[in-house]
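K.L.:
Need a 3D model of the following:
(chains A and B)
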Amino acid sequence: MNRIKSAFQKKQKGLLNIYFTAGYPRLHDTVPLLQALATAGADLIEIGMPFSDPLADGPVIQASSTAALHNGMNMRVLFSQLQGIRESVPDTPILLMGYLNPVMQFGVENFCREAAAAGVDGVILPDLPLDDYVQEYQDVFRRHKLRPVFLITPQTAPERIRRIDELTDSFLYLVSGPGTTGGANTQAAGVQDAYFQRIEDMKLRNPRLIGFGIGDKASFQHACRYAEGAIIGSAFIRALDGVDDVPAAAQRFVQSVVA
Amino acid sequence: MNPTYQHPTERGYYGQFGGAFIPEMLYPNVEELRDNYLAIFADPEFQREYQQLLRDYVGRPTPLFEARRLSEKYNTRIFLKREDLCHTGAHKINNTVGQILLAKRLGKTRIIAETGAGQHGVATATVCALMGMECIVYMGEIDMERQKPNVYRMRLLGAEVRAAMSGSRTLKDATNEAIRDWISNPVDTHYIIGSVVGPHPYPDLVARLQAVISEEMRKQLLEKTGSELPDYVVACVGGGSNAAGAFYHFLEEPSVQLVAVEAAGHGIHSGHSAATSVLGKPGIIHGSRTLLMQDEDGQITEPYSLSAGLDYPGIGPLHAFLAESGRARFISIEDEPALKAVSECSRLEGIIPALETAHALAAIGQLGAGPEEVVVINLSGRGDKDLETYIKYADTIM
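P.N.:
Presented below is the predicted three-dimensional model:
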């Protein structure tokens, strides 16, 4: 069963994908957060694997990654936390997002085996080049039924978008505009909408989720006009800042976006 | 064609090192550069402008000076390639002059750069002033403190210096911030990387622009020694741009021993070091697969060197390949012998070297060079920027 596909079949519009950093705010918040998000109505969940030098991330995710590493998070701890997660979170797609170096050091084969065993559905590695994915990773990913998710930006050429669309069977991650995660939209009015519209008009195979700079109900609903749904990361992490009851805060945040 | 030391493969690999591991947001920028840099470098009009600036603005060729008193002390024949005499005081400007001309031809109007010791930042701010371009330099907060004069120089030249506050707040973090800026400004901005690091084509692009150093060395050596080829070429390595330039035209000459000198900080295994060739394992940093100081989880570790230009946790992929293949010999020098080499060069030759360069000078005694052999040290920069450090460690130096 492909949980990602099922999620998009079940609900064709307005899917909410929430990102959080594993091991943040505390080392063992990972599983309670997953459960709370699924219960509250997140349609997909992305778990960030913290990295010391997250190039595509803005200050909020950088800080949560630093804190998570300081808390003792690493790949082994994460996979042991995820053991048995499918008993309490049976249907919500779970994706791992992170950078290539920690995955390389863990071993790609080991990483895919452990992720699949834990019930992970997809993987997002922004610094893994398409050609390298095809030549060195695709076979392993397929063997373990893990779906890659690739990013598309306003500058990505149409033929490259087509190629990305062919290489996966999950969803396309539309980066909303120039900038790292959590940044404000600095584009002139209409530029972003024209870009979303251009992608929509390409009639691609995969559904689309819009991410980067989506942080509340208004920006979520705006993004949903042009795509099947949207991804929220930095704003959610900020909502966990200094909170005692992390699952309750997660629930409140999801409610504030979808209710 | 077999990949050589001089030329990486089409995808930017030197052996297993190199490539372009970048997020999609950077892909169009890097692709534009990759598709255009060789044609632009080959354009006669570019070459005319580049060579003219190197001569009239940078002050090239720089002298190759026979250091007789140092030679006497070490009982070998030592030449110093005087990159410290370049405009702005270091070799860094060879690269920034070339890249600003490249940026103009690509239609860019805004320049960003990272800097460690501040020399690359100053060299970038200088060429931006010359060309009337907006310039933003990212510098680690710690480095801004220990290389204050260079911060003021950049500001005087009209550049904006932005502090990198993440991680160890040094060169690695300044590079992260510059890359994030480029992600946020993908259309009008060119990123002038200061070393032979980063995604392909940067390592090759920067090596080609620094190659003028060894091109001149060959001509000058022929004139002074009767042979274009020395026995040793010695250079310090942080990211490795001055070493790449000093080695470039000797890479395919097996009789020339190439010696790369890294900073061992308090000692290679002290936990406070930047000796990447010894402590690094293959990994990815700033878009390139190279030798990288990291923990067992693949988290990049914080390097240390007293010198702000050598504390980088990686090395350029060319150097990783030179280390792995054995083509170059790697030597590590600790803070203290580097400081002692500062005073030795100052007192014996009347030349105050940069702290980075002093690591190369401190390695002379370990070469095993004979009395008839010719050693070229790339004197990559002058020591003015390090005066505060030299005053602080006066007891060690004197």
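K.L.:
could you show me where the helices are in the stretch 51-200 of chain A, in order?
P.N.:
Per DSSP state H, counting those that start in this stretch, the stretch 51-200 of chain A carries helices over the ranges A:59-71, A:75-82, A:85-88, A:100-106, A:108-118, A:130-132, A:138-143, A:158-167, A:191-201.
K.L.:
right, and those - which one's nearest residue B:160?
P.N.:
helix A:59-71 (18.8 Å; Cβ to Cβ). (Each C-beta comes from the backbone N, C-alpha and C, glycine too.)
K.L.:
how far out from the middle of the chain is that closest one?
P.N.:
Here the centre of helix A:59-71 is set off from its chain's centre by 16 Å, with Cα atoms, centre = their mean, to the nearest Å.
K.L.:
What lies in contact with it?
P.N.:
Contact partners of helix A:59-71, identified using Cβ atoms under 8 Å, 6 or more residues apart in numbering or on different chains, comprise A:19-27, A:48, A:50-52, A:54, A:57, A:181-182, A:233-234, A:237-238, B:166, B:299.
K.L.:
how about it: buried residues?
P.N.:
Of all the residues in helix A:59-71, those buried under the rule 16 or more other Cβ atoms under 10 Å in any protein chain shown are A:60-69, A:71.
K.L.:
coming back round to it: so which of the contacts of helix A:59-71 are in strands?
P.N.:
A:19-21, A:48 (DSSP state E).
K.L.:
Could you find the closest non-adjacent residue to residue A:247?
P.N.:
residue A:36 (3.6 Å; Cβ to Cβ, 6 or more residues apart in numbering or on different chains).
K.L.:
Let me see the confidence value for the one you found.
P.N.:
Here the pLDDT value assigned to residue A:36 is 98.
K.L.:
Which positions in the stretch 101-250 of chain A make contact with chain B?
P.N.:
Residues of the stretch 101-250 of chain A found near chain B (Cβ under 8 Å from any Cβ of the partner chain) are A:101-106, A:126-129, A:131-132, A:150-153, A:155-157, A:160, A:175, A:178-180, A:183.
K.L.:
try it again with 7 Å
P.N.:
Neighbours of chain B within the stretch 101-250 of chain A, by Cβ under 7 Å from any Cβ of the partner chain: A:101-102, A:104-106, A:126-127, A:129, A:150-153, A:155-156, A:175, A:178-180, A:183.
K.L.:
what about the spatially closest residue to residue A:154 that is not a sequence neighbour, neighbour count?
P.N.:
Of all residues not flanking residue A:154 in the chain, residue A:195 sits nearest, at 4.6 Å (Cβ to Cβ, 6+ apart). Using other Cβ atoms under 10 Å in any protein chain shown, residue A:195 is surrounded by 21 other residues.
K.L.:
And residue A:219, by the same measure?
P.N.:
18.
K.L.:
does residue B:253 really touch residue B:228, like I thought?
P.N.:
No. Applying Cβ atoms under 7 Å as the test, residue B:253 and residue B:228 come out as separate, 8.6 Å apart.
K.L.:
Return the set of residues that bridge with residue A:175.
P.N.:
Beta-bridge pairing for residue A:175 (DSSP bridges): residue A:211.
K.L.:
how deep is it tucked in, by neighbour count?
P.N.:
By other Cβ under 10 Å, neighbour count at residue A:175 equals 26.
K.L.:
so who does it touch?
P.N.:
By Cβ atoms under 7 Å, 6 or more residues apart in numbering or on different chains, the residues touching residue A:175 are A:151-153, A:211-212, B:25.
K.L.:
which residue is nearest the centroid of chain A?
P.N.:
Within chain A, one residue has its C-alpha closest to the average C-alpha position: by Cα atoms, centre = their mean, that is residue A:46, at 3.9 Å.
K.L.:
how close does that one get to chain B?
P.N.:
15 Å (Cβ to the nearest Cβ, to the nearest Å).
K.L.:
count of residues packed around residue 29?
P.N.:
Picking chain A for this. Residue A:29 has 23 nearby residues by other Cβ under 10 Å.
K.L.:
looking at chain B here, not the other one
P.N.:
22.
K.L.:
Sweet, I'm off.
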